[in-house]
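Undergrad: here is the input, now give the coordinates:
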Amino acid sequence: MRFELFPEYFPQLLAGVPMTLQLAALSLFLGFFLAVLLAVLRTSGIAPLVGFVKVYVYVFRGTPLLVQIFLIYYGTGQFDLIKQSFLWPVLREAYWCAIIAMTLNTGAYTSEIIRGGIESVAWGQVEAAKACGMNAWLRFRRVVFPQAIRQALPGYGNEIILMVKATSLASTITLLEVTGIARKIISQTYAPVELFVMAGAIYLTIVFTITRIVDLIEKRLSPERAAARGAKATAERDLASVH
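TA: Reported below is the predicted structural model:
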């Protein structure tokens, strides 16, 4: 292990953090709205829409994200119709191809998380909202969705972490985020262990920060759940001290 490389190249790897965060944040932002739409369609009870969402989720959950990135980045350029359309200025850029692939991928996963949250809302509350004269949109906005998000937050926190780590795949289509910069430096220094240790430390720091933020949001939205976990931990400590 050549520790002398750490102070020299670690700042260069840090320069890739903004690109990593940008890829993750934008794809998660767009993917969340796509996921909400897909979850609503999946729970709509309209057979063609439910079938479409099932196929979409199956395809994007059943194939690797790397393959999806390659298909969008390399595959779209094979069609003259696309190259001559208004989409080509976007699809010819590696950055936007990565964003599109990651958005479509996280949208599929997140839609299932949100669907689970929606279906966890007690039907009696929906019926009570109907009795109060709320229309479908108002019921969803004021009764169903807030509770669904609280239920889905732990699972969605995991999805955020997975997408941050998935940004490393963007390096395969020339984007210089943390992993891309690491690979570029490795080709010059032939020190893969040192560079990937530094890259791993950066990802660990990002993930730790995200985990703490998600925990704080969860405590804010569901204080009773946090209190229950705290009481359980206290009881376990008391039991351990007795033994």
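Undergrad: switch to C-alpha atoms for all contacts and neighbour counts from now on
TA: OK.
Undergrad: show me where pLDDT drops low in this protein?
TA: Counting by pLDDT under 70, the ranges of the chain that qualify are 223-243.
Undergrad: for it, which segments are assigned as helices?
TA: According to DSSP state H, the chain carries its helices in the segments 5-14, 17-42, 47-62, 65-70, 80-83, 88-91, 94-119, 123-131, 136-139, 145-166, 178-189, 192-221, 223-242.
Undergrad: for these, give me TSV that also has mean neighbour count.
TA: TSV is the format used below for the helices of the chain (neighbours: other Cα atoms under 10 Å):
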stretch	mean neighbour count
helix 5-14	14
helix 17-42	20
helix 47-62	15
helix 65-70	18
helix 80-83	13
helix 88-91	15
helix 94-119	23
helix 123-131	13
helix 136-139	14
helix 145-166	18
helix 178-189	18
helix 192-221	16
helix 223-242	11
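Undergrad: wait, residue 103 sits on residue 27?
TA: Yes - the pair residue 103 and residue 27 passes the contact test of Cα atoms under 8 Å, sitting 4.5 Å apart.
Undergrad: just want the most central residue of this structure.
TA: With distances taken as Cα atoms, centre = their mean, the residue of the chain nearest its centroid is residue 160 (3.6 Å).
Undergrad: quick one: contacts for that residue?
TA: Contact analysis of residue 160 by Cα atoms under 8 Å, 6 or more residues apart in numbering lists 24, 28.
Undergrad: and if you look at residue 66?
TA: When contacts are counted by Cα under 8 Å, 6+ apart, residue 66 touches residue 169.
Undergrad: if we use 6 Å, what do you get?
TA: With contact set as Cα atoms under 6 Å, 6 or more residues apart in numbering, residue 66 has no partners.
Undergrad: output stretch 63-76 as PDB, nothing but the C-alphas.
TA: Extracted in PDB, the C-alpha atoms of stretch 63-76 (Å, rounded to 0.1, in the frame of the first residue of the first chain):
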ATOM      1  CA  THR A  63     -32.300  -6.100 -16.200                       C
ATOM      2  CA  PRO A  64     -29.000  -4.600 -14.900                       C
ATOM      3  CA  LEU A  65     -28.700  -0.900 -14.700                       C
ATOM      4  CA  LEU A  66     -25.400  -1.100 -16.600                       C
ATOM      5  CA  VAL A  67     -27.200  -2.800 -19.500                       C
ATOM      6  CA  GLN A  68     -29.900  -0.100 -19.500                       C
ATOM      7  CA  ILE A  69     -27.200   2.700 -19.600                       C
ATOM      8  CA  PHE A  70     -25.500   1.000 -22.500                       C
ATOM      9  CA  LEU A  71     -28.700   0.500 -24.400                       C
ATOM     10  CA  ILE A  72     -29.600   4.200 -24.100                       C
ATOM     11  CA  TYR A  73     -26.100   5.500 -24.700                       C
ATOM     12  CA  TYR A  74     -25.000   3.200 -27.500                       C
ATOM     13  CA  GLY A  75     -28.400   1.900 -28.800                       C
ATOM     14  CA  THR A  76     -30.300   5.100 -29.500                       C
END
